[in-house]
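S.K.: Dropping the sequence and predicted coords here.
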Amino acid sequence: MTQKNNNGSAFTYEEMVGILKGYNGIKNRIMLLEYEIANSEPILTGEDVIYQMALNDLPMYNHENQQYGTDIIALTYAKKADRINVRQKLELTDEVRLLKAQTDRLEYYISLLDERQATVLKQLYFESKTLTETALCMRISESTVKNVRRAGIKKLIEMYSFVSC
């Protein structure tokens, strides 16, 4: 999956910063979706089926000497409920897969940067540290942090551009 901007070309500096800033939000969304997939209640339950049967208030009727009625209605609604519940989980699973592909790609590309660039970007965007905190942690000046960040982002743009060709 090639990420491109709305123009179909490689990302601009500002767009790449946006991707980096959005990383933690995407990771949080993945965790929430995975929880929902594992623990969510079905959209439609047995109670929903019974409620629908009560709303329809369909009398039983005879067709070629076979009884039809609430049992057929219940089975119909139960099958529909199962299809809806499965579809919901598949949609959530697809979204998780796409989001993970985005974060995995970004993490991998950052791992390809030189150590200092990778550390600066991880601290600023993944760990949400400030420029000052990053500078103190790495024992470098804030202006050096800015320069290293800029160089790292430019290399990320090159990597995305290379793959986009």
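M.R.: Sure, I can see it.
S.K.: Now do the contacts for the residue nearest to the spatial centre of the chain.
M.R.: In the chain, the centroid-proximal residue (Cα atoms, centre = their mean) is residue 99; its distance is 3.6 Å. By Cβ atoms under 8 Å, 6 or more residues apart in numbering, residue 99 lies in contact with 26, 29-30, 33. Placement of C-beta: from N, CA and C, glycine included.
S.K.: Restrict the residues you listed to the buried ones and give me that as a PyMOL selection.
M.R.: Selecting the buried subset of the contacts of residue 99 in PyMOL, with 16 or more other Cβ atoms under 10 Å as the burial test, is done by:
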select buried, resi 26+30+33
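S.K.: so how far is residue 26 from residue 147?
M.R.: According to Cβ to Cβ, to the nearest Å, residue 147 stands 27 Å off from residue 26.
S.K.: Please apply the same query to residue 127.
M.R.: As judged by Cβ to Cβ, residue 127 and residue 26 stand 15 Å apart.
S.K.: Kindly report the same for residue 85.
M.R.: Taken as Cβ to Cβ, the span from residue 85 to residue 26 is 26 Å.
S.K.: Wait, residue 100 touches residue 29, no?
M.R.: No - contact criterion Cβ atoms under 8 Å: residue 100 and residue 29 do not qualify, at 10.4 Å.
S.K.: Adding pLDDT and secondary structure, write the contacts of residue 99 out as CSV.
M.R.: Below are those laid out as CSV (pLDDT from 0 to 100; DSSP: H, G, I helix; E, B strand; the rest coil):
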residue, pLDDT, secondary structure
26, 96, helix
29, 96, helix
30, 96, helix
33, 92, helix
